[in-house]
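Asks: I'd like to go over a predicted model; first the sequence, then the structure.
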Amino acid sequence: MELTELERQRAEKLERLRALGIEPYPHRVKRTHTIAEAIAALEQAAPGGEDGPHAAIVGRIKSMRVMGKVTFAHIEDGSGSIQLFLRVQDMGEESYEIFKQNFDLGDFVAAEGKLMRTRTGERSLLVERVSMLAKSISPLPVIKEKEVDGKLVRYTHFSDVEERYRQRYADLACNPEVREVFRIRARTLAALRRFLDQHGFMEVETPILQPVYGGAAARPFITHHNQLHQDLYLRIAFELYLKRLLVGMYERVYEIGRDFRNEGVSHKHNPEFTQLEFYAAYWDYNEVMNFCEHMLAWVAEEVTGSPIIRYQGHEIDLRPPWRRVTLRDIIMEVTGIDYLQYPSAAELASVMKSKGLAAKTGASWGYLIDKGLLGEVEPRLIQPTFVLDYPRDISPLAKSKPGDPSHVERFEYFIGGMEMGNAFTELNDPFDQEQRFLEMGKLYAPDDEEVHPMDEDYLRAMKYGMPPNGGLGLGVDRLVMLLADKSNIREVILFPHLRAKD
RNA sequence: GGGCCGUUAGCUCAGUACGGCAGAGCAGGGGCCUUUUAAGCCCAGGGCCGCAGGUUCGAGUCCUGCACGGCCCA
């Protein structure tokens, strides 16, 4: 192990402790109170002097002020932080010196003594014994902060974005507000599960390694099973497996898990991300819409205390009903283009260019609408909005709109300028479904990311009879971004993907 | 993929306009200090200036390429 000078100094302290017969990484810990419990115990005790309740607490040393024969330090555990008050008169000369010479910021320690208040009134532990629980060799970035008018002012910090992501452990250790983001994430996941469970949905787990990928338009990661001599794909969606379960007579199922898409990385995209999908037999997309807006308003309230949230300076009201607008109308509203007037890719691309909009050459008609025109619309949809009725060509798993064969019953929904998810009245006619797969094959080149490959087993399932149903996908990371008020997906993923250095 | 910006001590940053001994604060080391909380005071340390080339008597600084990251655009 290569050590920096600072690390060598700490390693020497570790050896000094060992030489004194003190194990710097002991097996067992004595703890009578968490720090929060210790503070509560002190609050309950009769005030006065240095004779408060006895407590054995543990934590990581966050600050230290050595003043000769007296030292103040703050330690932090998972519940909070408290000041340690160490005096040579209480600890004895030898123990006090061992502490002073060998204990550093970042060390995990155990401290035992009496809870009390210092002259300035700060809740403290008057330490009788202190011991090492785990020596920290690498110095954590030091955080110096102070409360000014009730606001926390930070003088030094750990803020290098790249290093924060590459060494998330250090980020979390130094930055309590980052720890809070992932508590919001955990509460969001728990709230989603609670809501779905309460509404009769069953959580299931379907394959991540799939012989045929499907359910979305995306490039997959490919892997290989050695024993089976078979290429497998990491799933890009759960859709086709969840709908097989409706054939199997479950009426409401959902899955929360990881999808993998072999695509670019951006502030809204990570190659692996957390998806929620649910399917409900006998629902159409109107019922899905209704459920969706109630679910997200409820989850927001559970997580943040209110269905009205603040996101990047916007106040966003998640209470139902959300705005409903057709794809055609919202595109006309924003770009002035009625895509139905331009039924070929060439015509549509030409009018888009005439309006100064980028149109990728060689892109299909559906791609131009979805990525081109809708891309213009997306950042403007700050308040929750359902965008309804998508072209059939780009929606091979959705049921057609009655009386309008060119469109399907599909919606995407947007909040805070981000696409949050996608939903349909699911196609359950096996002949129609087969036809859609075949059309896909004709309209697109085989390696086109828009292609949904034919899934024979899915068709076989559907031939047994699939109840009419509605389903929805939700980008969970993006929901957490909303609820934690973060503009970058990496801020809500513990270990986001970064390019390897060298 | 393109444009712009960044990369200097463990951390946060100066230094780059106009090339001339590598800087500060915090952290760490030695000393003083028995109620501090950004503790204070004194002393002495700490560098592959992202990497590789080039220009130059001389490059952290100028030029080229590369790596990683950020922001914006596609």
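Replies: Received, thanks. Numbering: from 1, shown residues only, chains lettered A, B, ... in the order given.

Asks: and the residue of the stretch 401-502 of chain A found nearest RNA strand B, how many residues sit next to it?
Replies: Proximity of the stretch 401-502 of chain A to RNA strand B (C-beta to the nearest atom of the strand) peaks at residue A:499, 3.3 Å away. Every residue, glycine included, has its C-beta placed from N, CA and C. As a burial measure, residue A:499 scores 7 neighbours (other C-beta atoms under 10 Å).

Asks: Model confidence for it, exactly?
Replies: Residue A:499 carries a pLDDT value of 88.

Asks: show me the contacts for the residue nearest to residue A:105 when sequence neighbours are not counted.
Replies: Excluding its sequence neighbours, the residue lying closest to residue A:105 (C-beta to C-beta, 6 or more residues apart in numbering) is residue A:61, at 5.4 Å. Neighbouring residues of residue A:61 by C-beta atoms under 8 Å, 6 or more residues apart in numbering: A:73-75, A:103-109.

Asks: now with 7 Å?
Replies: A:73, A:75, A:103-107, A:109 (C-beta atoms under 7 Å, 6 or more residues apart in numbering).

Asks: Right, and RNA strand B sits closest to which residue of chain A?
Replies: Among all residues of chain A, residue A:68 sits closest to RNA strand B, at 2.5 Å; criterion: C-beta to the nearest atom of the strand.

Asks: give me the low-pLDDT residue ranges for the stretch 401-502 of chain A?
Replies: Applying pLDDT under 70 to the stretch 401-502 of chain A flags residues A:443-447, A:449, A:502.

Asks: and with 90 instead?
Replies: A:405-406, A:439-454, A:499-502 (pLDDT under 90).

Asks: Over to the stretch 251-400 of chain A?
Replies: A:263-267, A:313, A:343-346, A:349-350, A:352-368, A:370-372, A:375-376, A:393-394.

Asks: Now do the strands in it.
Replies: For the stretch 251-400 of chain A, the strands defined by DSSP state E, counting those that start in this stretch occupy A:252-260, A:272-281, A:308-311, A:314-317, A:323-326, A:385-391, A:400-401.

Asks: Could you tell me which residues of the stretch 151-300 of chain A lie near RNA strand B?
Replies: Applying C-beta under 7 Å from any atom of the strand, we find that the stretch 151-300 of chain A lies next to RNA strand B at A:155-163, A:165, A:264, A:266-267.

Asks: ok, back up a step: could you redo the strands of the stretch 251-400 of chain A as TSV and give each row mean neighbour count?
Replies: Output for the strands of the stretch 251-400 of chain A, formatted as TSV (neighbours: other C-beta atoms under 10 Å):
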stretch	mean neighbour count
strand A:252-260	20
strand A:272-281	22
strand A:308-311	17
strand A:314-317	14
strand A:323-326	15
strand A:385-391	22
strand A:400-401	18
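
Asks: Could you break chain A into its assigned domains?
Replies: The record's domain split for chain A, according to automatic domain parsing, is A:5-139, A:178-322+A:383-492.

Asks: Single out the most deeply packed of those.
Replies: Between these, the one whose residues have the most neighbours on average, counting mean count of other C-beta atoms under 10 Å, is domain A:178-322+A:383-492 (a mean of 18).

Asks: sorry, back to before: weed out the non-buried ones from the residues of the stretch 151-300 of chain A next to RNA strand B.
Replies: By neighbour count, with 16 or more other C-beta atoms under 10 Å, these hold A:158, A:165 as buried.

Asks: Please identify which pair of the residues of the stretch 151-300 of chain A next to RNA strand B lies farthest apart.
Replies: Farthest-apart pair in those is A:155 and A:264; separation 37.7 Å (C-beta to C-beta).

Asks: in terms of contact, does residue A:88 touch residue A:96 like I think?
Replies: Yes: taking contacts as C-beta atoms under 7 Å, residue A:88 lies within contact range of residue A:96: 4.3 Å.

Asks: if I pick residue A:494, what's in contact with it?
Replies: Applying C-beta under 7 Å, 6+ apart, we find residue A:494 in contact with A:168, A:182.

Asks: show me where the stretch 101-250 of chain A has strands.
Replies: Listed in chain order, the strands of the stretch 101-250 of chain A (DSSP E, counting those that start in this stretch) span A:108-117, A:123-134, A:144-148, A:151-156, A:202-203, A:209-210, A:222-225, A:230-234.

Asks: can the ones you listed go into a markdown table with extra columns for mean pLDDT?
Replies: What follows is the strands of the stretch 101-250 of chain A, written out as a markdown table (pLDDT from 0 to 100):
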| stretch | mean pLDDT |
| --- | --- |
| strand A:108-117 | 96 |
| strand A:123-134 | 96 |
| strand A:144-148 | 85 |
| strand A:151-156 | 82 |
| strand A:202-203 | 98 |
| strand A:209-210 | 96 |
| strand A:222-225 | 94 |
| strand A:230-234 | 95 |
